[in-house]
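A.B. asks: here you go, sequence then predicted model.
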Amino acid sequence: MVSPAIALAFLPLLLTVIIKYRYYFVLLYRAVLVRTWKDCVTGLTREERAYQYVLTHATPGDPDSILDAFDVWCSKVEFISNIGPKKGKILDRLLMEQRPLTVLELGAHCGYSTVRIARSLPLGARLYSIEMDQRNAAIAEKIIRLAGFDDDTVELIVNPSDEVIPCLRSDYNLERLDFVFMDHWKKCYLPDLQMLEGSGLLGKGSMVLADNVLFPGAPKFLRYLRKSGLYEWKIHRATLEYSKGIRDGMAELVYLGIK
Ligand SMILES: C[S@@+](CC[C@H](N)C(=O)[O-])C[C@H]1O[C@@H](n2cnc3c(N)ncnc32)[C@H](O)[C@@H]1O
């Protein structure tokens, strides 16, 4: 049994930890406890709940209204790890500057960033989006088509990235990727980047944008960037999507080509 004197001595330390990490506690509460409870009550996943809201509040064929509906739902009702409007604007700007013709997305989830990318593409461009979770992919597919993008503009590939990347040349006739958006599991960032390098699909000037490199974080990926000398790169500092206190960042890489 802990004596009251010892418990009292640890109280300031406990309070400091709670105050310092309060945003993480809130995130944990929202992302795990509330979500599990809602899954049981509604019989739907949080992605399906978000989809129902978007379906009833957005205008078909209008990508902006679909993104707006997602943003309202995710900031006011239930957290979903879409890139969100703030980091989304950085993505929009880079796409406008790069004007990429062939784009690869790793991690579509509900299709929010897929729609965001697709609406910024120049005429004739093509986006390949990879999502390994079948339930998420089913929602992403509906969202992409609801936004008005057909199969010629956006192709959703339902498989893990490490199975798809080696087949991009043979199965999809790709020769070069102008832009890659990485937003799947952070532990896959480094192996997938190296797989892309090995595939020869990255050319001089190809851009890779990797989300969440500070939170949850991708330390091995960042260490590799520092050492490899293959990229010019920088971090866009931001906060985690739909939250104020958690610092995050996106890494922007430009491939320098084979030396
Ligand atoms: C953070 S969410 C993506 C959010 C989305 N990019 C957006 O901003 O709207 C991550 C998604 O990546 C998928 N994922 C994780 N690892 C993957 C992999 N190795 N291959 C394909 N999909 C993956 C997960 O199933 C999840 O749906």
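C.D. replies: Good, I have the coordinates.
A.B. asks: which residue sits closest to whatever residue of the stretch 101-250 of the chain ends up closest to the ligand, ignoring its sequence neighbours?
C.D. replies: With C-beta to the nearest ligand atom as the measure, residue 107 is the residue of the stretch 101-250 of the chain nearest to the ligand, at 2.8 Å. Where you see a C-beta, it was placed from the backbone N, CA and C, and this is true even at glycine. Spatial nearest neighbour of residue 107, chain neighbours left out: residue 184 (3.2 Å); criterion: C-beta to C-beta, 6 or more residues apart in numbering.
A.B. asks: mind pulling the model confidence for the one you found?
C.D. replies: With respect to pLDDT, residue 184 scores 98.
A.B. asks: follow-up on the earlier one: test my guess that the residue of the stretch 101-250 of the chain closest to the ligand contacts residue 182.
C.D. replies: Yes: taking contacts as C-beta atoms under 8 Å, residue 107 lies within contact range of residue 182: 7.3 Å.
A.B. asks: and those two? Which one has more around it.
C.D. replies: Counting neighbours by other C-beta atoms under 10 Å for residue 107 and for residue 182 shows that residue 182 has the greater number, 27 against 23.
A.B. asks: got the contact list for that one?
C.D. replies: 106-107, 189, 192-193, 208-211 (C-beta atoms under 8 Å, 6 or more residues apart in numbering).
A.B. asks: name whatever forms a beta bridge with the residue lying closest to it once chain neighbours are set aside.
C.D. replies: Leaving aside its sequence neighbours, residue 182 sits nearest to residue 210 (C-beta to C-beta, 6+ apart; 4.2 Å). Counting by DSSP bridges, residue 210 is bridged to residue 182, residue 251.
A.B. asks: from residue 87, how far out is residue 210?
C.D. replies: The gap separating residue 210 from residue 87 is 11 Å, by C-beta to C-beta, to the nearest Å.
A.B. asks: more crowded one of these two?
C.D. replies: With neighbours defined as other C-beta under 10 Å, residue 210 and residue 87 compare such that residue 210 has more, 27 against 24.
A.B. asks: in this structure the more buried one contacts residue 217, no?
C.D. replies: No: the criterion here is C-beta under 8 Å, and residue 210 misses it with residue 217 at 11.0 Å.
A.B. asks: what touches both of the two?
C.D. replies: With C-beta under 8 Å, 6+ apart, residue 210 and residue 217 have no common neighbours.
A.B. asks: contacts only, for residue 73.
C.D. replies: Per C-beta under 8 Å, 6+ apart, neighbours of residue 73: 50, 53-54, 80.
A.B. asks: the closest residue to residue 92 other than its chain neighbours: what's it in contact with?
C.D. replies: Nearest residue to residue 92 in three dimensions, chain neighbours excluded: residue 120, at 5.4 Å (C-beta to C-beta, 6+ apart). Residues counted as contacts of residue 120 (C-beta under 8 Å, 6+ apart) are 91-92, 95-96.
A.B. asks: can I get these in CSV including distance to the ligand?
C.D. replies: CSV is the format used below for these (distance: C-beta to the nearest ligand atom, whole Å):
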residue, distance to the ligand
91, 9
92, 13
95, 14
96, 18
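A.B. asks: and the next helix or strand past the helix or strand encompassing residue 85?
C.D. replies: Element membership for residue 85 (DSSP states H and E) is helix 84-98. Later in the chain than helix 84-98, the nearest helix or strand by DSSP H and E is strand 102-106.
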